[in-house]
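Trainee: Provided below for reference: sequence and predicted model.
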Amino acid sequence: MSTERRTARGADPAAGPRWSLAAVLVSVLTALVLALAAGAPARADDDPGAASDAGSAGQRIADGLRTSPVYVDPSYRSAFPPDEQRRLAAKIKKSGLPVRVIVVPLISGDAWGGDPKKMVDVVRYRIGEGSKTKAVYMTLSTNEGFLDGYEFPRDGRYEAFWGVAAVGHQDDMKDRSLYVKFSRALEIVRSGDGRKQYEKATADLHDDDPAERDGGADHNGADGGADHGGADGGSADPGPSPLLLAVLIGSAVAVAAAAVLVSRTVRRRARTSARAPFTSPRSVFGTARTAGVRDLRKRAQRELLAYNEKLIAHEPGEHADSDLLQLSLDAYAAACTVLDEARDTPDLAGVLALLHEGEDALGRSEPAPRSRRKARTAAPTLPLCFFDPLHGAAAERIRWRPLGRREALRVAACQECSAAVSARRAPEVLTHKHDGRRVPYFEVPPERSLWAATGYGSLTEETLTERVLRGDFTRTRTRQGR
């Protein structure tokens, strides 16, 4: 995906007070001790594939890799049969390369938070690999049809990061089996020219990219922002730990150690991240998407009720702005309208965007005691993240150019998406099913989607509330035959 954005100055996504990690670890250990003392129930094998903590899940993978360089979760047995796993393992052993392949589900809320990099770091810790141990890990990517590669030590001679990423862009690899894709990735890693292979596979993506010609930087000195930990759309709390206190503490230490490894590598990886076109986030199980919609609906209902209570409790002051107060009330009505008709994630995200708009209007309706005039004319806060409103409120507006378009847009982005665009990586985007396939929601024709037309508030001066109340949301749904 061609992207353009100003380069952030002085921003370190992994930066933070060093004592905060220690504080988190102490808190985790304390909570575990209290939970055990309180007699929390424990089952060692309740849903081991998805609900186990990162430490125990990482240990299972590490144990599997000690016997074979290929570890495949049982849920992928049909997509990657055991005989093909053995064939790939034989190829790896014959190559003599320190390659390990891990194929597991990556879903938001799992043991890794859907992050393959975190998984790799935990597995390496469990295997006991040192910082200088040579190894190449290949995993599924969060982008459907793509693979991710991680090489240790960094910037090694195999150029695995680029080489593995190249597979998803090669025309002859489209819709091929996992065995074929990982075999191709192994060939590229063995050749040691991964960067060259990547540039060749993605050459057509940059022919029309002014960022490749003139740098595409928009130097305004914006803060790059910190990593906020991934998508906000449905992180699941793990169940009670199935282990005794000693093992619980060990797992917590493992997770904390993995966090240290991640924090040390975020900046380095951002400088070498692959530029990939937008693709739909991979969903392993069809039921996972259904459950995600159901959970998001419950979240929207809770936030709507909480906002209603805030409106009821609010007592306008003498100098309250009546227009903003009306907008805050209208936003509630609009959110109710969308929630009643919502049938998918983009619509439910629209409910959250409307509530965000209402909260902002309510907060700005009361002028500050010493600067009423200035407060009355204050600009609205930024809307939710353009790329995926489930990420939460945007941190800044950035310059972004969609693939195949010459003109750039100014859109509101959260810190994570802003950093991704700055590094010319594809941000994680909210998708929508259109004409039988999942596409980024903003690629749906605007006449058929209010959210595509407005970017959840990034692409229009008019409020989302106004457009919903005048019937734009109902009109777009009617055109889609719903």
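Mentor: Okay, I see it. Residues are numbered from 1 along each chain as shown.

Trainee: which sections of the stretch 1-150 of the chain are below the confidence cut-off?
Mentor: 1-55, 108-109 (pLDDT under 70).

Trainee: The stretch 51-200 of the chain: strands as residue ranges?
Mentor: 70-72, 99-103, 135-140, 147-152 (DSSP state E, counting those that start in this stretch).

Trainee: any chance of those strands in a markdown table, plus mean neighbour count and distance to Lys196?
Mentor: C-betas here are computed from N, CA, C, even on glycine. Converted to a markdown table, those look like this (neighbours: other C-beta atoms under 10 Å; distance: least, C-beta to C-beta, whole Å):
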| stretch | mean neighbour count | distance to Lys196 |
| --- | --- | --- |
| strand 70-72 | 23 | 26 |
| strand 99-103 | 24 | 19 |
| strand 135-140 | 24 | 17 |
| strand 147-152 | 23 | 15 |
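
Trainee: Turn those strands into CSV, including distance to Ile92.
Mentor: Output for the strands of the stretch 51-200 of the chain, formatted as CSV (distance: least, C-beta to C-beta, whole Å):
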stretch, distance to Ile92
strand 70-72, 7
strand 99-103, 5
strand 135-140, 10
strand 147-152, 14
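
Trainee: Which among the ones you listed is found nearest to Glu461?
Mentor: strand 147-152 (39.5 Å; C-beta to C-beta).

Trainee: Who does the closest one pair with, and is each partner parallel or antiparallel?
Mentor: strand 135-140 (antiparallel) (DSSP bridges).

Trainee: okay, the partner strand in PDB with CA atoms only?
Mentor: Only the C-alpha atoms of strand 135-140 are listed here, as PDB (Å, rounded to 0.1, in the frame of the first residue of the first chain):
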ATOM      1  CA  ALA A 135      17.300 -18.200  14.000                       C
ATOM      2  CA  VAL A 136      14.700 -17.500  11.400                       C
ATOM      3  CA  TYR A 137      11.000 -17.700  12.400                       C
ATOM      4  CA  MET A 138       8.200 -17.800   9.800                       C
ATOM      5  CA  THR A 139       4.600 -17.300  10.900                       C
ATOM      6  CA  LEU A 140       1.300 -16.400   9.400                       C
END
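
Trainee: Now do it against strand 99-103, angle only.
Mentor: 20 degrees (axes from the mean of the first three to the mean of the last three C-alpha atoms, to 10 degrees).

Trainee: who touches strand 135-140?
Mentor: 97-104, 106, 116, 119-120, 123-124, 129, 146-152, 156, 158, 160, 164, 182, 185-186, 189, 282 (C-beta atoms under 8 Å, 6 or more residues apart in numbering).

Trainee: Could you do stretch 451-458 as well?
Mentor: 346-347, 349-350, 353, 357, 383-386, 389, 394, 397, 409-412, 432, 441-447, 459-460, 462-464, 467, 472, 476.

Trainee: Ends of that stretch, what's the gap?
Mentor: 10 Å (C-alpha to C-alpha, to the nearest Å).

Trainee: next one: stretch 310-326
Mentor: OK, stretch 310-326 end separation, C-alpha to C-alpha: 14 Å.

Trainee: Buried residues, that stretch. List them.
Mentor: 320-321, 324-325 (16 or more other C-beta atoms under 10 Å).

Trainee: Can you add pLDDT and give the residues you listed back as TSV?
Mentor: Output for these, formatted as TSV (pLDDT from 0 to 100):
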residue	pLDDT
Ala320	86
Asp321	88
Leu324	92
Leu325	92
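
Trainee: Now for those residues: which two are most distant?
Mentor: Ala320 and Leu324 (7.7 Å).

Trainee: okay, and the common contacts of the two?
Mentor: Ser365.

Trainee: The nearest residue to Lys174 once chain neighbours are set aside and Thr460: what is the separation?
Mentor: Nearest residue to Lys174, sequence neighbours excluded (C-beta to C-beta, 6 or more residues apart in numbering): Gly145, at 7.3 Å. As judged by C-beta to C-beta, to the nearest Å, Gly145 and Thr460 stand 33 Å apart.

Trainee: Check Arg437 too.
Mentor: 26 Å.

Trainee: Neighbour count for those two, which is higher?
Mentor: More crowded of Arg437 and Thr460, by other C-beta atoms under 10 Å: Thr460, with 14 against 9.

Trainee: Need the phi and psi values for that one.
Mentor: With angles defined as degrees, to the nearest 10, Thr460 sits at phi -150, psi 150.

Trainee: for Tyr332, same thing?
Mentor: phi -60, psi -50.

Trainee: okay but it is in contact with Tyr307, surely?
Mentor: Yes - using C-beta atoms under 8 Å, Tyr332 is in contact with Tyr307, at 6.1 Å.

Trainee: count of neighbours near Arg425?
Mentor: 18.

Trainee: Three-state assignment for it, please.
Mentor: coil (DSSP: H, G, I helix; E, B strand; the rest coil).

Trainee: mind checking pLDDT for it?
Mentor: Note on Arg425: pLDDT of 83.

Trainee: Also the one 4 residues further on?
Mentor: Confidence at Val429, expressed as pLDDT, is 92.

Trainee: just Leu244 next, same as before
Mentor: Per-residue confidence (pLDDT) for Leu244: 45.

Trainee: Under the pLDDT cut-off, which ranges of the stretch 351-482 of the chain? List them.
Mentor: In the stretch 351-482 of the chain (pLDDT under 70), the answer is 368-379, 403-405, 475-482.

Trainee: those helices in it, which residues are they?
Mentor: Along the stretch 351-482 of the chain, counting by DSSP state H, counting those that start in this stretch, helices occupy 372-376, 415-422, 450-454, 464-469, 472-479.

Trainee: ok, now the stretch 51-200 of the chain?
Mentor: 54-67, 82-95, 116-127, 160-167, 178-191, 194-201.

Trainee: Pick the most buried one from those helices.
Mentor: Of all the helices of the stretch 51-200 of the chain, helix 160-167 carries the top mean neighbour count, a mean of 28, counting by mean count of other C-beta atoms under 10 Å.
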